[in-house]
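> Predicted coordinates and the sequence they were generated for:
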Amino acid sequence: MIELRHLRTLLALRETGSLVDAAERVHLTQSALSHQLKDLESRVDSALFVRKTRPVEFTRAGLRLLALADQILPEVRKAERDVARLAGTEQGRLHMAIECHSCFQWLMPTVDYFRDHWPEVEIDIPSGHHFDPLPALAREQLDLVITADPQPLEGVHYAPLFRYEGLLAVAKQHTYAGQGFVEPQALADQTLITYPVEQSRLDVFTQFLDPAGVRPQEIRTAELTIMMMQLVASGRGVCSLPNWALTEYLERDYVSAVKLGENGIWSTLYAAIREETLEAPWMQDFLRTARETSFAVLSGIKPASRDEEPAA
């Protein structure tokens, strides 16, 4: 009567608070999701949630099925891992690099959870490496690279993790604070603070400034997000960061954030993996854990289609 997909859908509905966002989370259209929920309500002969409430308000029947989901789904996941171990495919190495200065917020909980459930897999995040991570992945020096800048490499697959919006952080007293969005020309007389990486790897250039032929008045770099925020808050420049990286500073009312363009700029974060290790059970579990953890701890991100291909 009740299938695992039903329980996963109810969890997505609870976590996102809306039918639209839940449909994105489980990779269904809103119509298909509504049909699935109506089918489940027909099977159990009871309404599961109150329509037109946000966040979604669950009925007693819905809460009971959510309790079941919380109990059953972790056990299903554990059984899947155990079966993989019994098949003798659990051994592996997971050496990874991160081309994302803001990613540790969700990556560390992912690694901790994964290490607890796959102790047989050797995990390492080398620091201070003096090589390009993606070519090193292709050479088997690394096993996974977190990147928003995919490059076409033979034998390398890019698994989409999630989509995020780049926002412009400005001081609370800045002229742009409180505006809905800014156009590229607005940065022509600004000091733009960036991480010390090539401009070709920064969305604010590739998606916003370069297409409009605009250059900031000055560009300065900072290694750490907190250093960038201190410079922005003191009125010494503006910077573009992923929406999740700005959340804690916005909640503390430390800086303001403005959309880049009327529609904003959105990018996809990928896990780059060699095709030969992609289907290993422990690698698939790492990807699943990374997606689940990111949605649990980050604000403002959206699901990426599992079939999404990096732009050429």
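Yes, it's here. Residues are numbered from 1 along each chain as shown.
> in this structure, which spans are strands?
Along the chain, the segments classed as strands by DSSP state E run 49-50, 57-58, 92-98, 121-124, 144-147, 156-170, 181-182, 191-194, 218-221, 238-242, 256-260, 265-274.
> Contacts for the last one next, please.
Surrounding strand 265-274, the residues in contact under the criterion CB atoms under 8 Å, 6 or more residues apart in numbering are 100, 103, 134, 137-138, 140, 143-148, 150, 153, 155-166, 203-204, 207-208, 283, 287, 290, 302, 304, 308, 310. Any C-beta I mention is one placed from the backbone N, CA and C, and that applies to glycine too.
> Output the below-cut-off pLDDT ranges for the stretch 201-312 of the chain.
Scanning the stretch 201-312 of the chain for pLDDT under 70 picks out 306-312.
> again, only this time at 90
Counting by pLDDT under 90, the stretch 201-312 of the chain has low-confidence residues at 201, 223-224, 279-282, 284-285, 292-300, 303-312.
> residue ranges for the helices of it, please.
203, 210-212, 225-233, 243-251, 275-278, 281-297 (DSSP state H, counting those that start in this stretch).
> Just name whatever secondary elements the fourth one is in contact with.
When contacts are defined as 3 or more CB pairs under 8 Å, 6 or more residues apart in numbering; DSSP states H and E, helix 243-251 packs onto helix 104-117, strand 156-170, strand 256-260.
> Could you rerun that using 10 Å?
If you count contacts as 3 or more CB pairs under 10 Å, 6 or more residues apart in numbering; DSSP states H and E, helix 243-251 packs onto helix 104-117, strand 156-170, helix 225-233, strand 238-242, strand 256-260, helix 281-297.
> relative to strand 265-274, how tilted is it?
Note on geometry: by axes from the mean of the first three to the mean of the last three CA atoms, to 10 degrees, helix 243-251 and strand 265-274 are set 130 degrees apart in direction.
> May I have helix 243-251 as PDB, with CA atoms only?
Extracted in PDB, the C-alpha atoms of helix 243-251 (Å, rounded to 0.1, in the frame of the first residue of the first chain):
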ATOM      1  CA  ASN A 243      23.800  32.800  -1.400                       C
ATOM      2  CA  TRP A 244      24.500  30.100   1.200                       C
ATOM      3  CA  ALA A 245      27.900  31.700   2.100                       C
ATOM      4  CA  LEU A 246      26.100  35.000   2.900                       C
ATOM      5  CA  THR A 247      23.300  33.500   5.000                       C
ATOM      6  CA  GLU A 248      25.000  33.900   8.400                       C
ATOM      7  CA  TYR A 249      26.200  37.400   7.700                       C
ATOM      8  CA  LEU A 250      22.700  38.500   6.500                       C
ATOM      9  CA  GLU A 251      21.100  36.900   9.600                       C
END
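> And that helix, what's buried?
Across helix 243-251, burial judged by 16 or more other CB atoms under 10 Å covers Asn243, Trp244, Ala245, Leu246, Thr247, Tyr249.
> Tell me which residues are up against it.
Contact with helix 243-251 is made by 100-103, 105-106, 162, 164-169, 225-226, 228-229, 232-233, 239-241, 254-257, 259, 264, 266, 294, 297-301, as judged by CB atoms under 10 Å, 6 or more residues apart in numbering.
> Now a ChimeraX select for only the buried ones of these.
Here is the ChimeraX command that picks out the buried ones among those, judged by 16+ other CB under 10 Å:
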select :100,101,102,103,105,106,162,164,165,166,167,168,169,225,228,229,232,233,239,240,241,254,255,256,257,259,294,298,301
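> May I see the buried residues of the longest helix along the chain?
Counting residues, the longest helix found in the chain (DSSP state H) is helix 60-86. Of all the residues in helix 60-86, those buried under the rule 16+ other CB under 10 Å are Gly62, Leu65, Leu66, Ala69, Ala84.
> Can you tell me how far the fourth one is from Arg8?
Remark: distance between Ala69 and Arg8 (CB to CB, to the nearest Å) = 7 Å.
> Kindly report the same for Phe114.
20 Å.
> From the neighbour counts alone, determine which of these two ranks first.
Applying other CB atoms under 10 Å to Phe114 and Arg8 shows that Phe114 carries more neighbours, namely 20 against 16.
> Surely the more buried one touches Leu144?
No: using CB atoms under 10 Å, Phe114 makes no contact with Leu144, being 11.1 Å away.
> Can you give me the pLDDT of the residue nearest the centre of the chain?
The centroid of the chain falls nearest to Phe162 when counting by CA atoms, centre = their mean (3.8 Å). pLDDT for Phe162: 93.
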